[in-house]
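Chemist: here are the coordinates; sequence isn't available:
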């Protein structure tokens, strides 16, 4: 017997269930597209943040190199080095290394690259194979080196060199300083990077100089991963971002920045920072999974509700649901089912669709807020970075002016005194004190929650301790009021205070016991700094503006910069008053 098999008929229930499922598909599409867009937005944000971070770190590296070259320039122009006085050169180097333990060694070589003076190497040591020595001898310009194992203890190091010329500008040798790579950790370990991020520094050959955090998969002194170095060495723009897997097997976005130096602007160092891919994939997956789960819950509720509905009533409501879902899929997130009191299952489906639309609306509004917040944050960081660059530039110019001014005073002194190692030591100590006063302002600035002002009460105490330590100053009594000043006022005021304390230590220390009082107060629209001691006072006819000493010349110039005036008198000791206009942001005291 043969049975005929006709076409199967879909029941109303199955049709309604299928309709419910189909009506949710546009919303699923919206969720997927929204998740992908959110992921792309996160990826762009991570890349931008990586670029900003690597640019900031590269700028630090660039400034550090410039400061080291300027330091070598200053040393190379000292009389002892220009005139080839080896004993004085050695004495200076020993003092320099003692006071700057971050450096491993300092060398002077002749025109063949042979060591003539060095605290750490024997005279006659051949350094002609070192790249930084070769470059200076070849070009006559400053040079930076590459990854080396220092001749002292085989310590991984990096070197900087500067040509030495005599007074006729004839090159007579090379001055170099060796910087151990362990010093990088002291600078970069303070960075707060997302978990799983890395920071690396390479030399011109792609040899790893530094890697944070330390890992066995990324040792120092070996080439970095090939595809990362290929991107760095072939990029004419000097920087970019690539997405690849690191040597430790972790996928990251690697932002890099190459640094160039010298007349030929050759690559000498590269900075790489890597942010893990999970910063993008993790939040994107959470959003996608959450929205998908919400959609699945809505589908389940809708299908359960469909079972108990009649054909006519359910069909009408399903049509409304389909229209609403299509509107949402087309971007109309204000579309709602508008179901009121009726069949319970239909109300559940309508509520699920409306809830989904609300979530999508909230997600869209959240994305808009996030983009606005990201834009504000970017503007704020750009403004802050510009302000930092401006401050550093101004202070570097001030330091250079002080160095040149102090050098002029030393060179104008008696030739016998300027050849005295004690004079060189005094030159270095005074210069260190002035630079340390400026550095102290920056140190308190980055330690302060407010990056725009300095709390002068605590700063004055720290400055007094610093000067007392370096110059054996007498007992100092501090009465500084709680005044907050911007860096433009704080730096000149700190230099004035340091100079006055050094003078008190030099001339008032003959009195026993010797006491110095330092006061900083605000009186109306003026700030008054006073330094008083019970020493012998000033010589008769002393004139602040006409004095020949470097200290009071600096004090007068800095007070003039602040549009203030300096008064001195002798009455049982030396008394100095520096009166300047109070900035608008300095609080008035009583």
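Modeler: Thanks, I have it. It should be emphasised that the depicted structure is a prediction, and the values quoted were computed from it without experimental measurement.
Chemist: any chance you could map the strands in the stretch 251-400 of the chain?
Modeler: Applying DSSP state E, counting those that start in this stretch to the stretch 251-400 of the chain gives strands spanning 251-261, 266-276.
Chemist: each with direction, which strands does the first one pair with?
Modeler: Strands that pair with strand 251-261, judged by DSSP bridges, come out as strand 239-245 (antiparallel), strand 266-276 (antiparallel).
Chemist: what's the least confident stretch among the ones you listed?
Modeler: For the strands paired with strand 251-261, mean pLDDT drops lowest on strand 266-276, to a mean of 81.
Chemist: in that strand, which residues are buried?
Modeler: 267-276 (16 or more other C-beta atoms under 10 Å). The C-beta positions use only the backbone N, C-alpha and C, and glycine is treated the same way.
Chemist: so for residue 225, which of the strands paired with strand 251-261 sits nearest?
Modeler: Nearest to residue 225, of all those, is strand 239-245, at 7.4 Å by C-beta to C-beta.
Chemist: picking up where we left off before, just put the buried residues of strand 266-276 in a markdown table and tack on distance to residue 181.
Modeler: Output for these, formatted as a markdown table (distance: C-beta to C-beta, whole Å):
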| residue | distance to residue 181 |
| --- | --- |
| 267 | 18 |
| 268 | 15 |
| 269 | 12 |
| 270 | 15 |
| 271 | 14 |
| 272 | 15 |
| 273 | 18 |
| 274 | 19 |
| 275 | 24 |
| 276 | 25 |
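Chemist: which one of these is nearest residue 86?
Modeler: Nearest to residue 86 out of the buried residues of strand 266-276 is residue 268 (C-beta to C-beta; 30.1 Å).
Chemist: gap between the closest one and residue 129?
Modeler: Distance, residue 268 to residue 129, using C-beta to C-beta, to the nearest Å: 18 Å.
Chemist: for residue 499, see how far away residue 554 is.
Modeler: Applying C-beta to C-beta to residue 554 and residue 499 gives a distance of 6 Å.
Chemist: got any residues that touch both of those two?
Modeler: Common contact partners of residue 554 and residue 499 (C-beta atoms under 8 Å, 6 or more residues apart in numbering): residue 434.
Chemist: tell me which of those two has more neighbours.
Modeler: Each of residue 554 and residue 499 has its neighbours counted (other C-beta atoms under 10 Å); residue 499 has more, 25 against 20.
Chemist: and the pLDDT for the more buried one?
Modeler: For residue 499, the predicted pLDDT is 82.
Chemist: same question, residue 70
Modeler: Residue-level pLDDT assigned to residue 70 equals 90.
Chemist: ok, it - how many residues close by?
Modeler: Counted with other C-beta under 10 Å, the neighbours of residue 70 add up to 16.
Chemist: for residue 118, see how far away it is.
Modeler: Counting by C-beta to C-beta - residue 70 and residue 118 are separated by 22 Å.
Chemist: likewise residue 156?
Modeler: Separation of residue 156 from residue 118 (C-beta to C-beta) stands at 19 Å.
Chemist: pretty sure residue 161 sits against residue 142.
Modeler: Yes - counting by C-beta atoms under 8 Å, a contact exists between residue 161 and residue 142, whose distance comes to 6.6 Å.
Chemist: neighbour count for these two, which is higher?
Modeler: A count of neighbours by other C-beta under 10 Å puts residue 161 above the other of residue 161 and residue 142, at 28 against 25.
Chemist: show me what that one is bridged to.
Modeler: residue 143, residue 176.
Chemist: list the contacts for it?
Modeler: Counting by C-beta under 8 Å, 6+ apart, residue 161 touches 72, 132-133, 135-136, 142-145, 174-176.
Chemist: then residue 261?
Modeler: Residue 261 neighbours (C-beta under 8 Å, 6+ apart): 65, 142-144, 268.
Chemist: thinking again about what came up before, quick one: the strands of the stretch 251-400 of the chain as JSON lines, columns for distance to residue 428 too.
Modeler: Output for the strands of the stretch 251-400 of the chain, formatted as JSON lines (distance: least, C-beta to C-beta, whole Å):
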{"stretch": "strand 251-261", "distance to residue 428": "27"}
{"stretch": "strand 266-276", "distance to residue 428": "28"}
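Chemist: picking up where we left off before, looking at residue 156 and residue 118, which is more packed in?
Modeler: residue 118 (22 against 17).
Chemist: look up how far residue 104 lies from the more buried one.
Modeler: Applying C-beta to C-beta to residue 118 and residue 104 gives a distance of 11 Å.
Chemist: any stretches of the stretch 351-500 of the chain with poor pLDDT?
Modeler: Along the stretch 351-500 of the chain, segments meeting pLDDT under 70 span 351-352, 377, 380-381, 383-398, 400-427, 429-431, 437, 440-452, 468-474.
Chemist: so where do the helices sit in it?
Modeler: 415-419, 421-447, 456-471, 487-507 (DSSP state H, counting those that start in this stretch).
Chemist: confirm for me that residue 461 is in contact with residue 480.
Modeler: Yes - contact criterion C-beta under 8 Å: residue 461 and residue 480 qualify, at 7.3 Å.
Chemist: compare the two (neighbour count), which wins?
Modeler: Using other C-beta under 10 Å as the criterion, residue 461 and residue 480 rank with residue 480 on top: 20 against 14.
Chemist: what distance do you get for that one to residue 455?
Modeler: Relative to residue 455, and taking C-beta to C-beta, residue 480 is found at 10 Å.
Chemist: wait, is residue 108 part of a strand?
Modeler: Yes - using DSSP: H, G, I helix; E, B strand; the rest coil, the assignment for residue 108 is a strand.
Chemist: so it is in contact with residue 116, correct?
Modeler: Yes - between residue 108 and residue 116 there is a contact under C-beta under 8 Å: 5.2 Å.
Chemist: hmm, which helix or strand of the chain has the shakiest average pLDDT?
Modeler: helix 415-419 (a mean of 46; mean pLDDT, DSSP states H and E).
Chemist: the helices in the stretch 51-200 of the chain, which residues?
Modeler: 79-82, 86-99, 131-139, 182-188.
Chemist: just the stretch 201-350 of the chain next, same as before
Modeler: Counting by DSSP H, counting those that start in this stretch, the stretch 201-350 of the chain has helices at residues 226-234, 278-307, 311-329, 344-412.
Chemist: now the second one: mean pLDDT?
Modeler: Right, the one you point to is helix 278-307. Average pLDDT, helix 278-307: 68.
Chemist: same question, stretch 331-343
Modeler: For stretch 331-343, mean pLDDT rounds to 64.
Chemist: now swap in stretch 29-41 and tell me
Modeler: Rounded mean pLDDT across stretch 29-41 is 71.
Chemist: same check, this time on stretch 117-133
Modeler: Stretch 117-133 comes out at a mean pLDDT of 89.
Chemist: and that stretch, end to end?
Modeler: The first and final residues of stretch 117-133 sit 15 Å from each other (C-alpha to C-alpha, to the nearest Å).
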